[in-house]
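Chemist: Just need the structure, nothing else, for what follows:
(2 chains)
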Amino acid sequence: MQDSFWKAALYLENGHVFLGKGFGAKAIQGGEAVFNTGMSGYQEIFSDPSYSHQVVVMTHTQIGNYGVNGSDIESDSLLLKGVVAREYFSKPSNWRAQQSLGDYLQKAGVPGISEVDTRRVTKLLRDEGAQRSIIFPVDTENVEEIKEKGASLLAQIPQMEGLDLVSQVSCREPWEFEAEKNKLKNSAGTIVVYDFGVKWNILRSLSSRGFRVRVVPYQMPAEEVKKEKPVAVCLSNGPGDPARVPHAVKEIQALMGQFPILAICMGHQLMARALGGETYKLKYGHHGVNHPVKDLETGKILITSQNHGFAVKPESLPKKDIQVSLINLNDQTLEGFTSKNLKISSIQFHPEAKPGPSDANFLFDQFIKGFLT
Amino acid sequence: MPKRTDIKKVLVIGSGPIIIGQACEFDYSGTQACKALKEEGYEVVLVNSNPATIMTDPVFSHRTYIEPLTLPYLEDLIRREKPQALLPTVGGQTALNLAMSLHREGILEKYGVELIGANEVAIEKAESRELFKQVLIKVGVDFPKSGEASTVDEALEIASQVGFPCVIRPSFTLGGTGASVAYNIEEFRVECARGLEASPTSQILVEESVLGWKEFELELIRDKKDNVVVVCSIENVDPMGVHTGDSITIAPAQTLSDVEYQDLRDKALAIIREVGVDTGGSNIQFAVHPETGRVVAIEMNPRVSRSSALASKATGFPIARIATKLAIGYTLDEIPNDITKKTPSCFEPSIDYVVTKIPRFAFEKFPRSDSRLSPSMKSVGEAMAMGRTFKESLQKALRSLEVKWWGLNPLSERRTIKTEGGWIEGIRNYIKTPKPDRILWVAQAFREGFTEKEVYELTSIDLWFLRQIKELTEEEKEIRAYVGRLSDISKKQLREWKRLGFSDKSLSIQLQTSEENIRKLRMKHQIVPVYKCVDTCAAEFESFTPYFYSTYEEEGDDISVNDRKKVMILGGGPNRIGQGIEFDYCCVQALFALQEEGVESIMVNCNPETVSTDYDMSDKLYFEPLTLEDILHIIDHEKPMGVVVHFGGQTPLNLSRELAKLNVPILGTSAQAIEIAEDRDKFRALCNRLQINQPESVVVSDASHVLEAAEKIGFPLLVRPSYVLGGRGMEIIYNSRELQKWLGKKHEISEDSPLLMDRFLKNAIEVDVDAICDGQEVLIVGMMEQIHEAGVHSGDSACSLPPMSLSPSIQKELERQTCLMALELKVKGLINIQFAIEEQNIFVIEVNPRASRTVPFASKARGIPFAKLAMKVMLGKKLKDLEISQAGMDLVYVKESVFPFKRFPETDIVLGPEMRSTGEVMGVGKTFGEAFGKATLASGYPLPLTGTAFLSVKDADKEACLSIAKDLVGLGFELVATRGTAQFLNEKGLSVRSVNKVNEGRPHIVDHIKNGEISLVVNTSALGVHEVGAAYELRRNTLMRNLCYFTTVAAARAGVQAIAEHKRIPVSTHCLQEREI
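Modeler: From the prediction side, this is the model:
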């Protein structure tokens, strides 16, 4: 299918407007603008449910190069609200490409805007913090008029802080990941994954290590989980403010100590809250695939895949039972903690990568080896 | 982990002379290494044979040696200096090989020197094809099927398994020398034989072809705690089959999805860990099948490489500097990122622009050689450009090359008139075969209506690149719609074209108007670029390093605006023969001068190999093309008090007139003076006024008068087109028949391009004089006597400082004439004058009112930073106010040139007025003989002390040859000679055996050479006359066997002196800093 283009605008909460070329869906959509510094992996980023209600500004300037394929997806829907790029190239070249990115976004109703000075947008977000934004088609070049329209459209976009998005993105019913395949192999046991907006590669990472993977809705009562007789529980990543996820903290508290828990991203923040810790919003978050994290146990550095706008205050965690295990070397924020007694491994970034380096994959093995045998 | 305290003194080995495959990038890495070691408090001992380098400036290390990079000299200096550690990974393949030899010979062990950065085992694993293959098998990475052979028969056996086409790679050669592709068994035999000969171990690798596969390189860095980061990914536009150094490459990789990219990353990490490079940089090259995605590893360099220099400039991550810090014990998390200051160096840079590198070639200097690109590197330099998109970046890189490509220049049908099948068939052939200008032909193919698929099938260039190029040619159509109606072009439209990277010049070509008109239109619409910052992190963190590139966007990154005085220095652009590292040395010295004088320095250059484009050399670095358009923008943006055009060679000098016309203040010697020196008539008038002799000459603008004019001057004579650099097109013509032949070949003569003829000075001595003038006083920088007679380009001739044969009165007269001309031209700064002395008569050949190629050599020889002093003079200081050492010279310094002949198989090695050397070395000694001998050794040839010398000289040289022959006999050499020479020498009472020339029956001289019976060759012939047949065969074989050879009588005489001295005296080394005590 041939991509089509139109005049479009990106309007930011601080009043800045950027004019560009629309691609993807010719729609009006908005959300919190965040920038991602990964130089590859747009397909994984856009299909990651954690970007729900966000507009993603890609700092890499050439987007769409290798198209979109059927396998590099992290969920079956696109939940982000928009894509901002310097250049979108509509004629992909890659042996696995099945469609163009524009086509993919168009079918999912997600607008994109290209020809934007993305470095300028990035610097605005860096200096002034992540903020709401909106992408819309325009038919004028009158900047004042566009700004006015942008401001009025933006008024309908909710603030990220305090937003419960998990209830929108979580699955409705429990389901089994790759159930067909699982029948063929001897299971090392069941892991129940709380779906707060789970990336499929977390499921793949567990399944490929021999587990039966049961995905359950975010509000699944602990009692129901226990019935599955899992060998471990995994708390997934997900979008929005960890302080606004209903039920979760209570259920986690009920499971804590009873099952080994692997918590990732939003799951990690909820784990911390369940332990009595506090979470806070970062100025512009961590979104990229090059963040150095130090493993305090070995002293080694992992180059990690990150996508979070909130973080855990390390001093708010109970001293007893909890060991801080991972810290970010760019800004010293908490990247993970463990509890030997409670059999918890809690990680702020994405050990499953996709996109990004596989440096932290071993954390899955470490969790399994440390707590499941 | 803190740095090591058990070592105090570290030896760093540089990469030697600039050669193809090993250029300024190792000056950049070596300089960074020395700086890093020094700032950590280590005593640094540096050895490099190349005096033109910045690293050998005495300020960068504590003990600097400019000595041959050979075992005896290395051992001598290790014995003297007793370093505890040796860093072998920043001096290219040369340093790595030398370190391995030192290890194998037990020298490191004997003196207790530890290899840091990469140890013996790791180097061996990465360098030995067999061991590297074992590594790949162990970590489960696929590789092309291959086998090693020591004979053609063994190779044929392997080929039967691998299939055709296949690649033949000689083992243990530098930069892939000799690698080739064979498509059939016949070619295969030829290439195998050639490869076996090229390999120092007589081994070749026969390899499955991955021609046409996508090609990627990953630059990695590892610390001793096993932390590994990928600094940069590089994707080649030219697919597998063309050496990566000869390919157009871009960063970051564009056509891989994250899954595919991470797969390469995982493989690269596994490989570097298994090879066991303890600390430091490495690069690993992969090929990816474009349809199946099969990945194979091609090779690994366990050291800092050309690609790491490119990656450093592309990302802002200083690989060599970090690698050095890791080698002395730090880990990546302990080293701060200089650019952000707040974050550590253990991260992977994210870049928000596209970097394009395009190689520059010099095939015009080697007209007989094949200009097809292959797995053996042939380019002599490169330009890099940054733009926000590939299109912008590509077009900037094209115009950075300085080959008059203003973008994707349209090509005219005239170029292919001779091709069979006409224009379209011609294009098909041009894009099928990779040659230096293939990218332009690809664009032309699209202009002529070729489809993407057709072009892809012919080139295997990834469709992503082809489509981008196609879109640019489609945009040209839009542009051409405005021919004759410039005023209809809207601001928006024009801005859009600028955003795509079209230069004013290329727009002017499409719009059939002048570049100036486009600029005016742009200024009317206020369309100017902004300058964005290279910050390693895509703006995620605030950055502090003022390293900029231009682009057409909404906003720039203006870091520090202040009211300090600013001076802008224009660099030399891509390396080429005749303009290279010497000029970068001068630019960097000028930056130091500005720093010392408290003036803000702004550097502009587009050569990623150089030290001048290291972001911490200047206060501000603009990585930009050196074209009028790009420079004017920076001037408008920065408003410097002056622009310096005198240090970057001919490139910036050529811009001086236009800059001056636009009222840009030129610091130092005026544009007017530059013009006088370059304009033949004006210069002749000046010489007449000063009563300075020039060789008789004549300008002819009508072909019918050429012969008559030539007879008047007399043969031999020198012909040349006007305004030449590096002797381009200059030839010696010996008689009227040759002149007619030359005229018939290609040379049009008209009013616009007149022919210049000079009388050729016979057996004259050429002298280069460099000086600094402040308008009142003149300081002689160096008087360098050339060893070859006049007629050999000064850039190719060896030379001696102080002069070895000039009488004091001649020297005095040369000084007087130099002062006279410098003062008359009102030079403020450096001036270079070339003189020739024919039978005690002095002639001036040419004057260059700028830094010359010999300034770094003279500076090292005399221990005075002349380029720095010159910059201070240009800022207004007087020579008498500057502190200048008055110390005399106690040693003799000889510069010798290094040639790329081995890379160009069809080329004769005879020297002439056309410059063909790529680099230089220096020899230091107590006598001329010792220094010349060391220079010979440093240039890569042996200096035989005994054995058999072969003589074959032209008739005119026979008398002169007699004394050389006698001396050789006196030194214990046996003599053999061709019939004529032997007869002459026997008549004079010497005992000389006669041998056959190649065309005189067997065994002939080449047989003797191949049997290793000859250790020295003296073979003279007419200068600049490239032969085929027997003489050529002889010289090529001499070259390929790496025999010591001399092609002029003067050089042979010097060689004999060198042999005599080296027989007499022991190996000794000299430290530059010792002189100052």
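Chemist: what's the burial count for the closest residue to B:R480 other than its chain neighbours?
Modeler: Ranked by C-beta to C-beta, 6 or more residues apart in numbering or on different chains and with sequence neighbours excluded, the top spatial neighbour of B:R480 is B:Q510, at 5.4 Å. From N, CA and C alone the C-beta is placed, and that goes for glycine too. Using other C-beta atoms under 10 Å in any protein chain shown, B:Q510 is surrounded by 22 other residues.
Chemist: contacting residues around B:Q510?
Modeler: B:Q510 makes contact with B:E476, B:I479, B:R480, B:V483, according to C-beta atoms under 8 Å, 6 or more residues apart in numbering or on different chains.
Chemist: I'd like the distance between it and chain A.
Modeler: According to C-beta to the nearest C-beta, to the nearest Å, B:Q510 and chain A sit 22 Å apart.
Chemist: how about B:V769, secondary structure?
Modeler: On the three-state scheme (DSSP: H, G, I helix; E, B strand; the rest coil), B:V769 is labelled strand.
Chemist: Look at residue 65 and say how many residues are nearby.
Modeler: Since no chain was named, I'll use chain A. 26.
Chemist: Chain B was what I was after
Modeler: Quick note: B:Y65 (other C-beta under 10 Å) scores 27 neighbours.
Chemist: now do B:Y547
Modeler: 27.
Chemist: Quick check: it touching B:D616?
Modeler: No. B:Y547 lies out of contact with B:D616 (C-beta atoms under 8 Å); the separation is 9.2 Å.
Chemist: Please identify the residues of the stretch 251-373 of chain A in proximity to chain B?
Modeler: Taking C-beta under 8 Å from any C-beta of the partner chain as the contact definition, the stretch 251-373 of chain A meets chain B at A:288-292, A:294, A:299-301, A:303, A:329-330, A:353-358.
Chemist: Swap in 7 Å and give it another go.
Modeler: Contacts of the stretch 251-373 of chain A with chain B, taken as C-beta under 7 Å from any C-beta of the partner chain, map to A:288, A:290, A:292, A:294, A:299-301, A:303, A:329-330, A:353, A:355, A:357-358.
Chemist: So among the residues you listed, which ones count as buried?
Modeler: Neighbour counting by 16 or more other C-beta atoms under 10 Å in any protein chain shown classes A:288, A:290, A:292, A:294, A:300-301, A:303, A:329-330, A:353, A:355, A:357-358 among these as buried.
Chemist: Which member of the residues you listed is positioned nearest B:Q672?
Modeler: A:N290 (52.9 Å; C-beta to C-beta).
Chemist: Just checking, which helix or strand of chain A averages the lowest pLDDT?
Modeler: Within chain A, no helix or strand scores below helix A:179-183, which has a mean of 74 by mean pLDDT, DSSP states H and E.
Chemist: Give me the distance from the following helix or strand past it to the chain's centre.
Modeler: Following helix A:179-183 in sequence order, the next helix or strand is strand A:190-195 (DSSP states H and E). In terms of C-alpha atoms, centre = their mean, to the nearest Å, the centre of strand A:190-195 is found 18 Å from the chain centre.
Chemist: Relative to chain B, which residue of the stretch 151-300 of chain A is the closest?
Modeler: A:N290 (4.1 Å; C-beta to the nearest C-beta).
Chemist: helix/strand/coil for that residue?
Modeler: strand.
Chemist: Just to check, it is in contact with B:I351?
Modeler: No. Assessed by C-beta atoms under 7 Å, A:N290 is found out of contact with B:I351, at 10.6 Å.
Chemist: any idea which element B:K872 lies in?
Modeler: If you go by DSSP H and E, B:K872 is part of helix B:866-874.
Chemist: For residue 138, list the residues it contacts.
Modeler: Went with chain A since none was named. Taking C-beta atoms under 7 Å, 6 or more residues apart in numbering or on different chains, we find A:V138 in contact with A:K7, A:A8, A:A9, A:I146.
Chemist: oops, chain B please
Modeler: B:K138 makes contact with B:E274, according to C-beta under 7 Å, 6+ apart.
Chemist: mind checking how far it is from A:P357?
Modeler: Using C-beta to C-beta, to the nearest Å, B:K138 is found at 22 Å from A:P357.
Chemist: thinking again about what came up before, list the contacts for the residue of the stretch 151-300 of chain A closest to chain B?
Modeler: Applying C-beta under 7 Å, 6+ apart, we find A:N290 in contact with A:T37, A:I303, B:F347, B:E348, B:S350.
Chemist: Next, count neighbours for A:P246.
Modeler: Neighbours of A:P246 (other C-beta under 10 Å): 11.
Chemist: One more: B:K224?
Modeler: Counted with other C-beta under 10 Å, the neighbours of B:K224 add up to 15.
Chemist: so it sits right up against B:D278, yeah?
Modeler: Yes. Look at B:K224 against B:D278 with C-beta under 7 Å: they come within range, at 5.6 Å.
Chemist: one step back: against which helices or strands is the helix holding B:K872 packed?
Modeler: Secondary-structure packing of helix B:866-874 (3 or more C-beta pairs under 7 Å, 6 or more residues apart in numbering or on different chains; DSSP states H and E): helix B:581-596, strand B:765-773, strand B:829-838, helix B:855-862.
Chemist: And for the residue of the stretch 801-950 of chain B found nearest chain A, nearest residue in space, chain neighbours not counted?
Modeler: Using C-beta to the nearest C-beta, B:R903 is the residue of the stretch 801-950 of chain B that sits closest to chain A, at 33.6 Å. Excluding the flanking residues, the one nearest B:R903 by C-beta to C-beta, 6+ apart is B:I20, at 5.2 Å.
Chemist: Neighbours of the one you found, how many?
Modeler: Residues lying near B:I20 (other C-beta under 10 Å) number 24.
Chemist: same deal with B:G888?
Modeler: Residues near B:G888, counting by other C-beta under 10 Å, number 7.
Chemist: Show me what from the stretch 401-550 of chain B comes close to chain A.
Modeler: B:D462, B:L463, B:W464, B:R467, B:K532, B:C537, B:A538, B:A539, B:E540.
Chemist: As TSV, those with secondary structure, pLDDT and neighbour count would be great.
Modeler: Below are those laid out as TSV (DSSP: H, G, I helix; E, B strand; the rest coil; pLDDT from 0 to 100; neighbours: other C-beta atoms under 10 Å in any protein chain shown):
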residue	secondary structure	pLDDT	neighbour count
B:D462	coil	98	23
B:L463	helix	98	18
B:W464	helix	98	22
B:R467	helix	97	19
B:K532	strand	96	24
B:C537	strand	95	27
B:A538	coil	96	25
B:A539	coil	95	25
B:E540	coil	95	28
